[in-house]
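Asks: Okay, predicted coordinates and the sequence, questions at the end:
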Amino acid sequence: MRKLNPTNPTYHGNDKFFVNPSLKSCSHVFLRIDKVRPPLTPQYSGPHIVKSRTDKNLVIDLNGRNVTVTIDRCKPAYEFSETISPRATPKVIQNQFSNRKSQESNENLSNVRITRYGRHVHFPKRLCE
């Protein structure tokens, strides 16, 4: 019992936030809205232009005003280029069996009749003749 030491009770208030490393060099950020919001409203506003930065704060252009916000409320905004590289179209591989199936389906289409309600009705060949 003599070897037990009490722990420090004043650990509260030392919350650590994840800070994205690209916040040190990004030109635009999204700002988290820290208020109670109605359902289906966006959690972040922006993107806002970063005017200046310190270790813990950013000065951003928010609706035409320079506003100082903490890094904890910011998220970097990445810009994508407008040009998208064209994707290669997949090659269609046909084999012997696909030709047989298409011939059979053409024969079956001749036996298909459509009712006035739009239903497809198939009759056996022996009954169609």
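Replies: In hand now; what should we look at? Numbering: from 1, shown residues only.
Asks: all helices for this protein, in order.
Replies: 96-110, 125-128 (DSSP state H).
Asks: which stretch in the ones you listed has the least confidence?
Replies: Set side by side, the helices of the chain differ in mean pLDDT, and helix 96-110 is lowest with a mean of 55.
Asks: so Gln43 sits right up against Lys35, yeah?
Replies: No. Look at Gln43 against Lys35 with C-beta atoms under 8 Å: they stay out of range, at 10.8 Å. (C-beta placed from N, C-alpha, C; glycine too.)
Asks: more crowded one of those two?
Replies: Taking neighbours as other C-beta atoms under 10 Å, Gln43 and Lys35 compare with Gln43 leading, 10 against 4.
Asks: looking only at pLDDT, what's the mean for stretch 20-36?
Replies: On average, the pLDDT along stretch 20-36 is 92.
Asks: So which bits of it are buried?
Replies: Of the residues in stretch 20-36, 26, 29-31 count as buried by neighbour count, 16 or more other C-beta atoms under 10 Å.
Asks: And these, which is closest to Val112?
Replies: Phe30 (56.0 Å; C-beta to C-beta).
Asks: Contact partners for the closest one?
Replies: Counting by C-beta atoms under 8 Å, 6 or more residues apart in numbering, Phe30 makes contact with 44-48, 74-77.
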